[in-house]
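Q: sequence unknown, structure follows:
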């Protein structure tokens, strides 16, 4: 039985009609355009950069100020606050954050998107330059924009010899890599050197020279200076001083002063000069050997995989020339993860494509199915060409969008091919059917394409870094739609015309012919009666849909189905961080780090060495908390474990649990955490920002909140970013000190020069900056009486012991003070194990019970931070986008249907389409997530597209004079094959991802669940719910006398 159709077709513009007819009738035009698409796509594929995330600029500016020896409180008061106040006039600042630490201030400006960053950098510099009260001893503020570099891989250089030899090798390797085209190499563990000039207290007493005056003399006598131009015998000559010293001997021979007998005193007479690594730097070891870590970075303009090839070739070459005992270890290879994910998407996409093609050949005649199939890679390649021309890249988000777009491409081609085939079966000529099919489907497909773009609008309106990352998704969808429209209306009709006019009658005994007969019988004997029943009892049909929708929502509301903004995905790195109490000896910290190494090695051996790729020990550095800065202190340490990528025998969580069980914690540890570095956005899953005015009050509130968080199951790595620092000695001048003319400022400079050193000068040596630092000898600094006996030089040149002119009091200090928009704040965070807890539920419980009383008792303001803040910002932007998108969809549908009421019937598919997606997540035991929402946008576009074609066909039948009841049933039966085929092909394309078990696919599975289950339920909506609702609307209009 032939499918019902309508003679009326929507009008097309003359230009469109002519273009479709020209390409359909022409013998080679369609093929030429197809080949052009393929060639452009292959060219674009070769030229497109491959990277992990899309390229985008960071709207951030940093201001860094170093002030050696200053406490966090001093830095905040004298550096951070003046700079923050100077930036008030810059209106493009979105958020101003700062961190004041011992010896340094870091101010970060997040700008409003679209700001002219370079001009604002200049304004920031100008505003800071006019500040008059910055400390004289502070270094010049460094203002720069944050440039985005992404890591490709890390290389560890290890060897049994001294770190100096590894340092020289590291610089040599850097030079070689830069010559090969790699733009940036970062180092960790590469020591920064200094010329240390150590002056004992006895020399100060004997010479009467303060450390600052010695430093000043060295600066004045060691520099290269121009002195003008002299003319002699009509010849001009430049006059210069070349007195800059760079060697130990050179600095030892610098003159300082004369003694009481008139003899010249040189630096060597009063000080010891040596060249050494700067004090208190973090350093690395591997298996007890010194090590330096190189991180190979790339810019947005570079291809990750090409850089990886360059790096691997260099490693292969360098391995043959290494000195004896030196080794190179490549690890944390991001490029491998990227390559594997691309292979995963391509493999699953290919598997899905095979299922799509099989479905097409089952439902359509071979020639139609073939050309619809050919259109899929053609459209994809055209998309890649367009993507290249607009500056796009191949990345995880764009590939993610391409797989989602498979349904759009197939859907457009199916409706044109299926309509053409229907008219050929009714006896029309191949040319008339091909041209007519394209013209009839042009309006519904164009309108459905516009509604799909509107459906993805919420993703395009998300702001911040998250918005820049996911913006590639609507961009790729638009590119796909453009390519698909050209392919299915310009190329496909020509192919269908030339293939169908040569088509022989189908063999009635073929598998497809027999399937066609049974399918038609099923449609007429099963589907038609079911549709008639749904329309007859439309109240019941609508009630069933509403009840299912309410039931689905209740799963989320009652907590049976939770929402996790970003699902936890196991990464390839585990971090063990330790912090001992201030003052703990470095040997005790090193012994515990060695214990961690031994227990890790033993545990890995139990799993046949299938877990650990490499473990690197960081001395004086720890990495507490996701997204927090590394903390450098003598009492800190960390063991960073890079895991093997494939076939790990147990999960990361199990491995961490077993490792913890084998560790014996010594006395003196203030904090010890082992956690895995998970894939996804920065920040901890649970985080609260406490804003107040008193740092000690904030710290107390933080400790109470941490204690409360510990009561919830699944929480770990609980802490804050306002750690206690070393004990502070607060000095005040005695009356004797004041009477000698000493001031607090003068005292502070002399003490700071003694214990932190006075930088006489900085000179460059190759690519290194070498500081010349004058201070007390290290041995003398460590003596308990050194501070009290330190010689202070008064303004009159008299020398007195420090204990005679100051009084000391001790107190507990803070190592860091943070501001946001000039307000003091502290962030309390925790990781949450999703298998036993949920960050949203814990946050809701704390907001309901504990946080209100905490606010009241400490007079605080408390806001969400970390992932919770990202979630709120993203969802708020999406809500605005959803409202705007729905408005645009209604306008488009109202224009196409020339009706105010019909769009409402179609748009009900959007919220009701959630039903299938929610049930799908519930059945498969997956939480709803950000990726689920992305899938819902794709689902909405597909469901609306099918509904548009259905309602358009219904409108044509109504114009032909058929009554509403028969018209809607005929329209459903006529479009049943197209609707079912769209559902089956889209589901088939995503099925491989849905059942993928690899860790790399866990991001994609929620998206696939939303589309697969949502579309399966959406078929019920299109075939039964929307017709019932449409008939109810039509009946209401008749009763109101609206329908003519």
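A: Alright, I've got the coordinates. All values derive from a computational prediction rather than experimental measurement.
Q: who's sitting farthest from the centroid in the protein?
A: Computed with C-alpha atoms, centre = their mean, the residue of the chain farthest from its C-alpha average is residue 261, at 69.0 Å.
Q: give me phi/psi at that one?
A: Reported as degrees, to the nearest 10, the phi and psi values for residue 261 are phi -100, psi 10.
Q: now residue 286
A: The phi/psi pair for residue 286 (degrees, to the nearest 10) is phi -140, psi 120.
Q: so how many other residues sit close to it?
A: Neighbour count for residue 286, taken as other C-beta atoms under 10 Å: 20. (Each C-beta comes from the backbone N, C-alpha and C, glycine too.)
Q: how about the nearest residue to it, chain neighbours excluded?
A: Closest residue in space to residue 286, ignoring its immediate chain neighbours: residue 158 at 4.8 Å, by C-beta to C-beta, 6 or more residues apart in numbering.
Q: if I look at the one you found, how far off is residue 993?
A: 41 Å (C-beta to C-beta, to the nearest Å).
Q: Bridge partners for residue 686, pull those for me.
A: residue 830 (DSSP bridges).
Q: Do I have it right that it meets residue 827?
A: No: using C-beta atoms under 8 Å, residue 686 is not in contact with residue 827; the gap is 10.9 Å.
Q: Find residues that contact each of those two.
A: Common neighbours of residue 686 and residue 827 are listed as residue 866 (criterion: C-beta atoms under 8 Å, 6 or more residues apart in numbering).
Q: what residues are up against the residue nearest to residue 286?
A: 166, 286, 287, 289, 290, 291, 326, 327, 329.
Q: Residue 686 and residue 827: who's more crowded?
A: Using other C-beta under 10 Å as the criterion, residue 686 and residue 827 rank with residue 686 on top: 28 against 24.
Q: how does the chain divide into domains?
A: 14-47+338-564+871-1039, 57-147, 149-193+279-332, 201-207+215-228+249-270+727-814, 569-679 (automatic domain parsing).
Q: Most tightly packed of those?
A: Sort the domains of the chain by mean neighbour count, taking mean count of other C-beta atoms under 10 Å, and domain 14-47+338-564+871-1039 sits at the top with a mean of 20.
Q: So for that one, mean pLDDT?
A: For domain 14-47+338-564+871-1039, the mean per-residue pLDDT is 84.
Q: Check the gap between residue 619 and residue 633 for me.
A: In terms of C-beta to C-beta, residue 619 sits 11 Å off from residue 633.
Q: can I assume residue 670 is in contact with residue 583?
A: No: Residue 670 is not in contact with residue 583 according to C-beta under 8 Å; the separation is 11.1 Å.
Q: returning to what we had before: would you mind giving me the confidence score for the residue farthest from the centre of the chain?
A: Predicted confidence (pLDDT) for residue 261: 78.
Q: Centre of the chain to the helix or strand containing residue 483, how far?
A: According to DSSP states H and E, residue 483 maps onto helix 472-486. Centre-to-centre, helix 472-486 and its host chain are 24 Å apart (C-alpha atoms, centre = their mean, to the nearest Å).
Q: and after it, which helix or strand comes next?
A: Counting by DSSP H and E, what follows helix 472-486 is helix 492-500.
Q: now the angle from that following helix to helix 472-486?
A: 50 degrees (axes from the mean of the first three to the mean of the last three C-alpha atoms, to 10 degrees).
Q: what's helix 492-500 in contact with?
A: In contact with helix 492-500 (C-beta under 8 Å, 6+ apart) are residues 20, 23-27, 29-31, 367-368, 370-372, 374-375, 413, 416-417, 420-421, 424, 430-431, 433-435, 437-438.
Q: now swap in stretch 168-185 and tell me
A: 149, 155, 157, 159, 187, 190, 292, 294-299, 302, 307, 310-311, 314, 318, 323, 326, 766-768.
Q: Let's see which of those residues end up in helices.
A: 307, 310, 311, 314, 318 (DSSP state H).
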